[in-house]
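J.: Build the 3D model from these lines:
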Amino acid sequence: MAALLRASSRTVSKALGDQTRGYKVAVLGAAGGIGQPCGLLMKMNPLVTELSLYDIAGTPGVAADVSHVNTGAQVKGYAGDAELGAALKDADVVIIPAGVPRKPGMTRDDLFKINAGIVAGLTEACAAHCPKAMINMISNPVNSTVPIAAEILKKKGVYDPKKLFGVTTLDVVRAKTFYAEKNGLETAKVDVPVVGGHAGITILPLLSQATPAVAMTDDVIDALTKRTQDGGTEVVAAKAGKGSATLSMAYAGALFADACLRAKNGEANVVECTYVESTVTEAPFFATKVTLGKEGVEKIHGLGELSAYEQKGLDAMMPELKDSINKGVEFAKSM
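T.: Numbers count the residues shown, from 1 in each chain. Have a look, this model is predicted:
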């Protein structure tokens, strides 16, 4: 592990030369199933010099544990509403996995009812204490929680659409893994864009644009698409009701946060799929490839040429995606 960290540091230094500086990253929900491994992974990131771990309870123990990892980031734990402001003060990147996990039989609509209020409160705190931070929203349902955060930030007069992201990286991670395994490819060298949203049929892997390209039958394309869409349900079922996708989500969250940090630090051509305010489709929020820069979104990429199967999937997702967005907006406006 130490060798891996040294290699990571050398990679960052080589890419960025003497520009490398450190950043404060806050994880909200840091004592949870996603927050704990995500905090550990961010402690291992050479661009992080201050790691702020916040939750309603249990965070001091998590912070003490993570602080023993021999990397440069200084770790502080915060618990309860009274310490939220200190946890967020001047953060550069805020990762929000806070909320309840999905359980067997629970729909993302059920999740909405519980998590919407949590997200709204945390976003208000971000507006007050780190209004210029890049906010990485993991709390589900992302299709709705990102619009909620946008409306809250607008109310507070600090909304910057370039700095609010729905983390859909897990969909990309799954698509890459499934595509590589099915076709006997090296996973690390595979790319599969995933567009749309972050729930069920709103998740659309663009397998026609996957690299390296492999000819696949319609049945295989359909199976890979549906497995990517149902990846979360697959994990919930495998854990027999005792958990959801926490480790893979933490990994994906850390990957996207790292991309934000590298872009902030001046690295060029940082491109990731993420759910942002967008005009690519008729949906006001949509995930496509995005080029990241020092101030957040630099360029939102289009969909490219879709196959007939993908166009059908895009058309099918729109009513559900727009309904989820509207639900988030209406919730925020009712507060």
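
J.: Check the gap between the residue of the chain most remote from its centre and Asn183 for me.
T.: When distances are taken from the C-alpha mean of the chain, Thr217 lies farthest, 31.0 Å away, according to CA atoms, centre = their mean. Noted for Thr217: a distance of 12 Å to Asn183, by CB to CB, to the nearest Å. (Each C-beta comes from the backbone N, C-alpha and C, glycine too.)

J.: can you pull the pLDDT of the residue farthest from the centre of the chain?
T.: The score at Thr217 is 98. That number is its pLDDT.

J.: Now do it against Val297, distance only.
T.: Here the distance between Thr217 and Val297 works out to 37 Å (CB to CB).

J.: Any regions of this protein where pLDDT drops low?
T.: In the prediction, the chain carries residues with pLDDT under 70 at positions 1-20, 101-104, 108.

J.: Spatially central residue in it, please.
T.: Taking CA atoms, centre = their mean, the chain has its central residue at Val167, 2.0 Å away.

J.: Can you show me the strands along this structure?
T.: Assigned by DSSP state E, the chain shows strands spanning 23-28, 48-55, 74-79, 93-96, 134-137, 164-166, 194-196, 203-205, 270-277, 285-293, 296-300.

J.: Can you add mean neighbour count and distance to Ala252 and give those back as a markdown table?
T.: A markdown table is the format used below for the strands of the chain (neighbours: other CB atoms under 10 Å; distance: least, CB to CB, whole Å):
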| stretch | mean neighbour count | distance to Ala252 |
| --- | --- | --- |
| strand 23-28 | 29 | 14 |
| strand 48-55 | 25 | 17 |
| strand 74-79 | 20 | 22 |
| strand 93-96 | 27 | 11 |
| strand 134-137 | 27 | 10 |
| strand 164-166 | 29 | 12 |
| strand 194-196 | 29 | 11 |
| strand 203-205 | 28 | 13 |
| strand 270-277 | 22 | 10 |
| strand 285-293 | 23 | 13 |
| strand 296-300 | 17 | 19 |
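
J.: Save those as a markdown table, and put in distance to Thr246 too.
T.: Formatted as a markdown table, the strands of the chain follow (distance: least, CB to CB, whole Å):
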| stretch | distance to Thr246 |
| --- | --- |
| strand 23-28 | 13 |
| strand 48-55 | 14 |
| strand 74-79 | 19 |
| strand 93-96 | 14 |
| strand 134-137 | 16 |
| strand 164-166 | 18 |
| strand 194-196 | 20 |
| strand 203-205 | 19 |
| strand 270-277 | 20 |
| strand 285-293 | 21 |
| strand 296-300 | 27 |
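
J.: Now for the protein: which helix has the highest residue count?
T.: Using DSSP state H to define each element, the chain has its longest helix at helix 308-333.

J.: Which positions in it come out as buried?
T.: Of the residues in helix 308-333, those with enough neighbours to count as buried (16 or more other CB atoms under 10 Å) are 310, 313-314, 317-318, 320-322, 324-325, 327-329, 331-332.

J.: nearest to Val158, of those?
T.: Proximity of the buried residues of helix 308-333 to Val158, judged by CB to CB, is greatest for Ala332, which lies at 14.3 Å.

J.: can you pull the contacts of the closest one?
T.: Ala332 sits next to Ala120, Pro147, Ile148, Ala150, Glu151, Ile152, Lys155 when contact means CB atoms under 8 Å, 6 or more residues apart in numbering.

J.: In ChimeraX, how would I select just the buried ones from these?
T.: Entered in ChimeraX, the line below selects the buried ones among the contacts of Ala332, by 16+ other CB under 10 Å:
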select :120,147,148,150,151,152,155
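
J.: which one of the contacts of Ala332 sits closest to Arg21?
T.: Using CB to CB, the shortest approach to Arg21 within the contacts of Ala332 belongs to Ala150, at 28.7 Å.

J.: Pretty sure Pro161 is one of the things the closest one touches, is it not?
T.: Yes - under the criterion of CB atoms under 8 Å, Ala150 is in contact with Pro161, at a separation of 7.2 Å.

J.: Give the intersection of the neighbour lists for those two.
T.: Looking at what touches both Ala150 and Pro161 (by CB under 8 Å, 6+ apart), the common residues are Glu277.

J.: Show me this structure divided up by domain.
T.: Here the domain parsing of the chain from automatic domain parsing is 2-166, 169-333.
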